[in-house]
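K.L.:
Pasting the sequence and the predicted model now:
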Amino acid sequence: MRRRLLCPLALALALVTAPALAQGDLRAAAEAGDLTAQLTLAERFENGDGVVQNFARAAQWYDRAAEAGSREAANRLGRLYHAGLGVPRDIPRAIALLERAAESGTAEHLYDLALVIETTQTDEAELTRAAGLYRRAAEAGNLDAAVSLGVLLQNGKGVAQDFAEAAALYQGAADAGHARALNNLGLLYVRGNGVAQNYDRAATLFQAAADKGLPEALTNLGVLYENGFGVPQSDELAASYYRRGGQGDAGARQAQHLVYDARLAPPPDDADALKALEKAALAGDPVAEFLVAYLVLEDDLRDPRRDVRAALMMRRAAEAGYAPAMANVALLYFRGLGVPQDYVLGQMWLVLAGTSGFDGTAGLTAYWSAKMTADQINDAQARAEAKWASWQNVVQ
């Protein structure tokens, strides 16, 4: 049966339009010193909510709000200084800002300060300070802090080694479904540290963490299956878990594949429909270009020349303002498929896709930005803002 092809021209495209943010009133209020407006504007620039994502502009507004006394702004700005996003990386400045925020006693602020201290300071006294902050945050209900304190207790860093307390902290977070806690508790059961050695229990915990996509848990399951500890010995399953652990979780694997627009009918698979689709693509219809390029680039039979032509077609659809095509152009640059590999250009197109309304950028950004330097991310955002401005000038 021939599949019904959704007419590309009938689809309402999310073409390049002005950002959703009502700049006037909010910016005017922020400029006038309204803390709520300043913080809102900063958050929107940090998240790309209705504006082109730009950490530098976010930092400017967080700085103004922090100077006016907002501890939340101080926390956000401190995190940007720690990462070097939108501002030069400056650990002393980051810690000073995070300390100011942590004076509120908010669990998340305490955790953020402890994390930066633990990961940037080597002095034992500073590690002890981090452990104390983690404990305060954990007692206030922060699960990440509880697990991080458990790691320090397990390793005897900043605190006296205490496997039993580490196990108790892991157990509490594991009961709430925390993936890292499940995995770490499993390791204690494998080693018999702080708990009676129990491979069956370890396997159950690793499986629960693996089900949540934690790569380390997949690898740990591989070890159990290779040795037959708590599970039936199986070289085949061990190899499978090792491979999956090395590849990362399902979200990471998904980030390697082109995206498809869920608003469209499935791609056609009969000759007549494909011919009509190609004709529409040649006529410059963005959705048809997207579909034809998608079919070529997802074909298992790789042909570099076809890939280059398909990448050009996907780029034309993106330049026409079609957000899913922008996301795919980003992936083409990240992977070097049909174009020279370029992470900066990939991130630029991903920012533009999010600004244009594509709602699948969060997972893609988390995966690919982890492979980039802060300077690359800052460069990509500046390029995205410039390109968006050029599009707006054409539209207007």
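P.N.:
Here it is on my side, so go on.

K.L.:
So which residues make contact with the helix or strand harbouring residue 147?
P.N.:
Using DSSP states H and E, residue 147 sits in helix 143-155. Residues lying outside helix 143-155 but in contact with it, judged by CB atoms under 8 Å, 6 or more residues apart in numbering, are 107, 110-111, 114-115, 118, 127, 130-131, 133-135, 137-138, 158-163, 165-167, 169-170, 172-173, 176, 178, 180-181, 184, 188, 193. (Glycine included, C-beta is placed from N, CA and C.)

K.L.:
Which among these count as buried?
P.N.:
Under a neighbour-count criterion of 16 or more other CB atoms under 10 Å, the subset of the contacts of helix 143-155 counted as buried comprises 107, 110-111, 114-115, 118, 127, 130-131, 133-135, 137-138, 158-159, 162-163, 165-167, 169-170, 172-173, 178, 180-181, 184, 188.

K.L.:
so how far is residue 145 from residue 114?
P.N.:
Between residue 114 and residue 145 the distance, using CB to CB, to the nearest Å, works out to 7 Å.

K.L.:
can you count the residues close to residue 319?
P.N.:
15 (other CB atoms under 10 Å).

K.L.:
Could you do residue 157 as well?
P.N.:
Counted with other CB under 10 Å, residues neighbouring residue 157 total 15.

K.L.:
mind listing what it touches?
P.N.:
Shown in contact with residue 157 (CB under 8 Å, 6+ apart): 127, 131.

K.L.:
Over to the one 3 residues further on?
P.N.:
For residue 160, the contacting residues are residue 153, by CB under 8 Å, 6+ apart.

K.L.:
shaky segments in the stretch 251-396 of the chain?
P.N.:
251-254, 300-302, 394-396 (pLDDT under 70).

K.L.:
Where do the domain boundaries of the protein fall?
P.N.:
Partitioning the chain according to automatic domain parsing yields domains covering residues 181-250, 271-395.

K.L.:
To residue 61, which of those domains lies closest?
P.N.:
Ranking these by their distance to residue 61 (criterion: CB to CB) puts domain 271-395 first, at 14.8 Å.

K.L.:
Need the three-state assignment for residue 171.
P.N.:
Following DSSP: H, G, I helix; E, B strand; the rest coil, residue 171 is assigned to helix.

K.L.:
Hmm, I typed the wrong one, I wanted residue 63.
P.N.:
Reducing the assignment to helix, strand or coil with three-state DSSP, the entry for residue 63 is helix.

K.L.:
distance of residue 283 from residue 289?
P.N.:
10 Å.

K.L.:
if you count what's nearby, which of the two comes out ahead?
P.N.:
Comparing residue 283 with residue 289 by other CB under 10 Å, the one with more neighbours is residue 289, at 28 against 11.

K.L.:
Can you dump the C-alpha atoms of whichever strand or helix holds the more buried one in CSV for me?
P.N.:
Counting by DSSP H and E, the element that carries residue 289 is helix 286-297. Output for helix 286-297, consisting of C-alpha atoms alone and laid out as CSV, is shown next (Å, rounded to 0.1, in the frame of the first residue of the first chain):
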residue,chain,number,x,y,z
PRO,A,286,12.2,23.3,2.6
VAL,A,287,10.3,20.4,4.0
ALA,A,288,10.8,18.3,0.8
GLU,A,289,14.5,19.2,1.0
PHE,A,290,14.6,18.1,4.6
LEU,A,291,12.9,14.7,3.7
VAL,A,292,15.1,13.9,0.7
ALA,A,293,18.3,14.8,2.6
TYR,A,294,17.1,12.8,5.6
LEU,A,295,16.5,9.7,3.4
VAL,A,296,19.9,10.0,1.8
LEU,A,297,21.9,10.6,4.9
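
K.L.:
what comes into contact with it?
P.N.:
Here helix 286-297 makes contact (CB under 8 Å, 6+ apart) with 8-9, 11, 13, 258, 260-261, 264, 267, 274, 277-278, 280-281, 306-307, 309-311, 313-314, 316-317, 320-322, 324-325, 328, 332, 337-338.

K.L.:
Just give me how far the very next helix or strand once past it sits from the chain centre.
P.N.:
Tracing the chain past helix 286-297, the next element assigned as helix or strand by DSSP H and E is helix 304-319. When distances are taken as CA atoms, centre = their mean, to the nearest Å, helix 304-319 is centred 26 Å away from the chain's centroid.

K.L.:
ok and helix 304-319 relative to helix 286-297, angle-wise?
P.N.:
Taking axes from the mean of the first three to the mean of the last three CA atoms, to 10 degrees, one finds that helix 304-319 is oriented at 150 degrees with respect to helix 286-297.

K.L.:
Which neighbouring elements make contact with helix 304-319?
P.N.:
Other elements packing on helix 304-319 under the criterion 3 or more CB pairs under 8 Å, 6 or more residues apart in numbering; DSSP states H and E are helix 286-297, helix 323-335.

K.L.:
State the distance from the nearest residue to residue 96 once chain neighbours are set aside to residue 378.
P.N.:
Spatially, and ignoring its direct neighbours in sequence, residue 96 is nearest to residue 78 (7.6 Å; CB to CB, 6 or more residues apart in numbering). Distance from residue 78 to residue 378, counting by CB to CB: 17 Å.

K.L.:
Quick one: residues contacting residue 43.
P.N.:
Under the contact definition (CB under 8 Å, 6+ apart), the residues listed for residue 43 are 49, 58, 76.

K.L.:
ChimeraX command to pick out the buried ones of those?
P.N.:
Typed into ChimeraX, the line below selects the buried ones among these, using 16+ other CB under 10 Å:
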select :58,76
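
K.L.:
When you compare pLDDT across the contacts of residue 43, which one is lowest?
P.N.:
Among the contacts of residue 43, residue 49 carries the weakest pLDDT, at 90.
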